[in-house]
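Novice: Take this sequence and fold it.
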Amino acid sequence: MTVQSDLQKAIASCEAAKGSYSLMAQATEDQQTKQMFNQMSSEVDRHIEYLSDRLSYLNENNPLNS
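Specialist: Prediction:
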């Protein structure tokens, strides 16, 4: 398994977690809990951004892609 495929799997897992957090936020009427799940979703966005940037960097700088 390559680093790129590991990053792709991590991004997919983060997207799934983000979706779960969003669903849980919608499913609750407790405003504090809703805010917590929305905050967790936002934090996952930062993880996805970092992982995506790293994947782009590797794809652009991998000699095998030349």
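Novice: what does stretch 34-52 rub up against?
Specialist: For stretch 34-52, contacts defined as CB atoms under 8 Å, 6 or more residues apart in numbering pick out 7, 10-11, 14-15, 17-18, 21-22, 24-25, 28. Where you see a C-beta, it was placed from the backbone N, CA and C, and this is true even at glycine.
Novice: Make TSV out of these and add neighbour count.
Specialist: Formatted as TSV, those follow (neighbours: other CB atoms under 10 Å):
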residue	neighbour count
Leu7	18
Ala10	17
Ile11	18
Cys14	20
Glu15	13
Ala17	16
Lys18	18
Tyr21	19
Ser22	15
Met24	16
Ala25	17
Thr28	14
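Novice: remind me which residues of the protein are low pLDDT?
Specialist: 1, 65-66 (pLDDT under 70).
Novice: buried set for the lengthiest helix in the chain?
Specialist: Criterion DSSP state H: the longest helix present in the chain is helix 31-61. The neighbour-count check on helix 31-61 (16 or more other CB atoms under 10 Å) flags 37, 40-41, 44, 48, 51, 55 as buried.
Novice: hang on, the earlier thing: so which of the contacts of stretch 34-52 is the closest to Leu64?
Specialist: Nearest to Leu64 among those, counting by CB to CB, is Leu7 at 15.4 Å.
Novice: show me what contacts the spatially closest residue to the closest one that is not a sequence neighbour?
Specialist: Leaving aside its sequence neighbours, Leu7 sits nearest to Leu55 (CB to CB, 6 or more residues apart in numbering; 4.4 Å). Neighbouring residues of Leu55 by CB under 8 Å, 6+ apart: 4, 7-8, 11.
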